[in-house]
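Participant: Predicted model and sequence below, questions to follow.
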Amino acid sequence: MIVVMQGTASKENIQAVIEQMVELGFNVHRTSGEGQMILAGVGTPAAFDVAEFQVLPGVQTAYRISSPYKLAGRGFRPEGTVITFPNGVKVGGQNVTIMAGPCSVESREQIRLSAQQVKAAGGQFLRGGAYKPRSSPYSFQGMGVEGLKLLREVGDETGLLVITEVMEISQIEVMLPYIDCFQVGARNMQNFNLLRELGHVRKPVLLKRGIAATIEEVLLSAEYILSGGNYDLMLCERGIRTFETATRNTMDISAIPVLKKLTHLPVLGDPSHGVGKREFVPAMALAAVAAGADGLLMEMHPNPDKAMSDGAQSLFPEQLEKLVEQLRQLAPVVGRTVA
Ligand code: PEP
Ligand code: MN
């Protein structure tokens with residue numbers, strides 16, 4: 001809360017306001033404005049009526065300043081959110097979680113082999129799109145329900161959790177029996193109706209940053225899901241569009257520590273969409289973890305050259321294996337562990 005005193009306010013007036021703020025539980029910071037005393041009340045008293053301050057002697061104006069994203073804000077859960085999945089895998093806390101797999105589910109053979117390779121590399125989650133948001137309507141649009149069934153089948157075979165993208169409200173019910181985590185893609189970060197519905201499900205959600213979204217916009221989108229009562233939410237930096245053309249997007253590594261400061265939600269990095277070229281993915285993955293990421297979402301394909309989407313940014317299986325090994329060595333330097 002901010003209380004602006006009148007220029008004519010007496011010392012006693014100021015003292016009385018300070019005492020009332022302290023009584024409510026505020027830490028009071030004073031600064032002198034242009035001939036005026038400004039009192040900043042820091043802290044979050046359970047309930048108070050700002051109008052009571054507006055009428056005190058010597059007060060010019062008083063107003064609340066509260067974060068626009070109350071539930072996503074770090075203050076809501078200062079210790080940080082840890083999401084526990086049915087098999088005991090946790091995202092958040094000390095862990096660095098590895099999620100990997102192809103951009104799209106293409107066939108039983110392809111997704112089974114992918115799952116085996118992700119498992120062998122040390123991943124905990126298998127990714128793979130069954131519903132694909134493609135820039136062109138003529139590109140492969142995904143296998144739909146058949147893809148979901150295959151994800152579940154090979155997830156169960158390998159003991160991997162399954163994460164896949166939801167693009168519209170009608171897909172939520174269809175997906176629920178098959179998946180462990182919903183992924184909201186960059187293009188849907190501000191599909192507010194979808195976000196609201198995901199607030200009502202009781203399954204974790206990974207929310208990706210939009211292609212041109214500010215950090216505050218990401219947090220406000222998170223607020224849509226949290227305000228529905230679904231607190232099992234994580235965020236993901238996946239690169240933003242800038243003037244740069246050498247990479248597909250610009251992986252905003254700085255968003256990771258900034259988000260970690262502003263929110264209690266786990267923050268992951270997606271270096272694959274972040275740079276769009278496989279040769280740069282390992283460097284960005286390591287950088288994301290060094291910057292404090294709680295996990296990585298990465299594309300890997302058994303045969304990237306034959307991938308039906310995003311082959312150029314998909315790691316070869318042996319690259320993923322080597323990268324996870326490097327991440328295991330790096331993580332302890334920043335106080336983390338790769339499971
Ligand atoms: C994906 O993960 O394959 C995807 C489409 O990602 P994004 O929404 O970040 O573009
Ligand atoms: Mn992709």
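Facilitator: Perfect, thanks for sending it. Numbering: from 1, shown residues only. Ligands and ions are numbered 1, 2, ... in the order given.
Participant: who's in contact with Ser314?
Facilitator: 102-103, 272, 278, 299-301, 304, 307 (C-beta atoms under 8 Å, 6 or more residues apart in numbering). Where C-beta positions appear, they are placed from N, C-alpha and C, glycine not excepted.
Participant: so of those residues, which ones are in helices?
Facilitator: Judged by DSSP state H, helices contain the following of those: Ser272.
Participant: Of the contacts of Ser314, which ones also sit close to ligand 1?
Facilitator: By C-beta under 6 Å from any ligand atom, the members of the contacts of Ser314 lying near ligand 1 are Cys103.
Participant: Among the contacts of Ser314, which one lies nearest to ligand 1?
Facilitator: Cys103 (4.6 Å; C-beta to the nearest ligand atom).
Participant: So which residues on the stretch 1-150 of the chain come close to ligand 2?
Facilitator: Residues of the stretch 1-150 of the chain lying close to ligand 2 by C-beta under 5 Å from the ion are Cys103.
Participant: Counting neighbours, what do you get for the residue of the stretch 1-150 of the chain found nearest ligand 2?
Facilitator: Across the stretch 1-150 of the chain, no residue is closer to ligand 2 than Cys103, which sits at 3.3 Å (C-beta to the ion). For Cys103, the neighbour count with other C-beta atoms under 10 Å is 25.
Participant: Just give the nearest non-adjacent residue to it, would you?
Facilitator: With sequence-adjacent residues excluded and distances taken as C-beta to C-beta, 6 or more residues apart in numbering, Cys103 is closest to Asp310, at 3.7 Å.
Participant: what's the one you found sitting at in phi/psi?
Facilitator: Per-residue torsions, Asp310: phi 50, psi 40 (degrees, to the nearest 10).
Participant: residue contacts, it?
Facilitator: Asp310 makes contacts with 103-104, 272-273, 299, as judged by C-beta under 8 Å, 6+ apart.
Participant: Can you flag the buried ones in those?
Facilitator: Buried subset of the contacts of Asp310 (neighbour count, 16 or more other C-beta atoms under 10 Å): 103-104, 272-273, 299.
Participant: Pro68: which of those residues is nearest?
Facilitator: Pro68 lies nearest to His273 out of those, by C-beta to C-beta, at 27.0 Å.
Participant: Tell me how many other residues crowd the residue nearest to the closest one when sequence neighbours are not counted.
Facilitator: Distances taken as C-beta to C-beta, 6+ apart place Arg238 nearest to His273, at 4.3 Å, with adjacent residues excluded. The number of residues packed near Arg238 is 24, by other C-beta under 10 Å.
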